[in-house]
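Enquirer: How does the following fold in three dimensions:
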Amino acid sequence: MQNIGLKDIAEIVDVSVTSVSKVLNGYPIRISNSKRTNIIETAERLGYKPNMVARGLKSRKTKSVGIVIPDMSTLFYPELLMALETWLSARGYQTFICNSEDDLEKEKSRIDALMSRSIDGLIVAPAAGDGNIPLFKQIQESRAPFLLLDRYYAGEGLNYIVTDNKSGAILGVNVLASMGASKLVYLGGSVRNQSLQDRLEGVYEGAARSSLHFDDAGVFLARPDRASIKATADRIFESCNEGAGVFLESNRYLMGLLDAAGERSLKIPNDLLVAGFDSFRPNITSAGDFAALGVIRRPIPIIKQDTEKMAELACEYLISGLVGGKNQNLQMMLPVQVING
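Expert: Alright, predicted model coming up:
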């Protein structure tokens, strides 16, 4: 479909492009009521839509916000993106969403692409690694509305809103202790970031407070694919005896754990105690997946992050900078909610 521009409307109505622009943008202009009406009706009939990028180059506002996230394979980021988009849309902002796939080079490329669109603000859940910290500092120092979300860099002075992952992990350990665990095993990802490290530190601290046995030998890290998780869970069951509670860094690791538990005829929570971060979305691709889910006899306790509050505060922070022209320093950690099985 051909894009209709101001020039097309001007030629049809037989007026200048400047006249069309002023009428459609509500600027004062000396023009007859019939010409004004003709311009508006012609624009509507042709389906004219303003070029938001071109408008932004003139007004320095495009009413758009870029969002870069590292992963779409769990429930957490889709929930967060939905909440962000809902909040921004209600305030007249469109969103451009990019997935960095937890890769620093792709993250930089996505950010460069968004900045080239003259976005008004930027939200980033950063990829693992610290290679783009100089870029983030450059963006923040330019006074463009910018915020890190869900992940952060300790001691770098960058603005962020994240979950209090350490406190959340301590609460999860308390749940496992109350269920009867005498020692802990930690199942997490081999690709690390500060938020995940906070969870691991929380498990160490929670175990010490609850007098549960937990040391480095109880930390098992896997790649995020199900086969790798299952292989790592096999190692857990080979090295641990009764009484161990499994803390899942994320419930993305649950299906692999269920595969390994099912092969040993273990049931949750009868034979195996499990608690972990975030909601669980089962990956059903075969009949065997139903058997894996049969391992669960009672809902697993989860440590739920407040995606709605995180999105609300992030959008309010960004919009305050867009309206007021300057963002205040912000480094905030949000509490979690434990939902018992």
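
Enquirer: all contacts plus neighbour counts: C-alpha atoms, from now on.
Expert: Fine.

Enquirer: Just want the most central residue of the protein.
Expert: Residue closest to the average C-alpha location in the chain (Cα atoms, centre = their mean): Y77, at 3.9 Å.

Enquirer: For that residue, grab phi and psi.
Expert: phi -70, psi -40 (degrees, to the nearest 10).

Enquirer: distance of it from I39?
Expert: Summarising the geometry, the distance separating Y77 from I39, computed by Cα to Cα, to the nearest Å, is 44 Å.

Enquirer: got the residue ranges for the strands in this structure?
Expert: Listed in chain order, the strands of the chain (DSSP state E) span 64-69, 94-99, 121-124, 146-149, 160-163, 183-189, 219-222, 244-248, 273-277, 302-304, 331-334, 337-339.

Enquirer: Go ahead and confirm E101 touches K108.
Expert: No - checked against Cα atoms under 8 Å, the pair E101 and K108 is beyond contact range at 11.5 Å.

Enquirer: Can you pull out the low-pLDDT segments for the stretch 1-150 of the chain?
Expert: When the per-residue scores of the stretch 1-150 of the chain are filtered using pLDDT under 70, the ranges that remain are 1-3, 26, 50-60.

Enquirer: Repeat the analysis, applying 80 as the threshold.
Expert: Segments of the stretch 1-150 of the chain classed as low confidence (criterion: pLDDT under 80) are 1-4, 25-28, 49-61, 143.

Enquirer: that older thread, please name the residues that touch the residue nearest to the centre of the chain.
Expert: By Cα atoms under 8 Å, 6 or more residues apart in numbering, the contact list for Y77 reads I69, D71.

Enquirer: For R30, see how far away it is.
Expert: Plainly put, Y77 is 51 Å away from R30 if you go by Cα to Cα.

Enquirer: cool, and V23?
Expert: From V23 to R30 the distance is 10 Å (Cα to Cα).

Enquirer: which of these two has more neighbours?
Expert: When neighbours are counted by other Cα atoms under 10 Å, V23 and R30 differ, and V23 comes out ahead with 18 against 8.

Enquirer: Touching both of E101 and K108, which residues are there?
Expert: With the criterion set as Cα under 8 Å, 6+ apart, the contacts of E101 and K108 do not overlap.

Enquirer: tell me the mean pLDDT for stretch 173-184?
Expert: Throughout stretch 173-184, pLDDT has a mean value of 96.

Enquirer: starting at the chain centroid, how far to that stretch?
Expert: Chain-centre distance of stretch 173-184: 29 Å, with Cα atoms, centre = their mean, to the nearest Å.

Enquirer: go on, stretch 245-258?
Expert: Remark: stretch 245-258 is offset 20 Å from the chain centroid, using Cα atoms, centre = their mean.

Enquirer: And stretch 79-94, by the same measure?
Expert: Relative to its parent chain, stretch 79-94 has a centroid offset of 13 Å by Cα atoms, centre = their mean.

Enquirer: Go through it and flag the buried ones.
Expert: Taking 16 or more other Cα atoms under 10 Å as the basis for neighbour counts, the residues of stretch 79-94 that come out buried are L80, L81, A83, L84, E85, T86, W87, L88, Y93, Q94.
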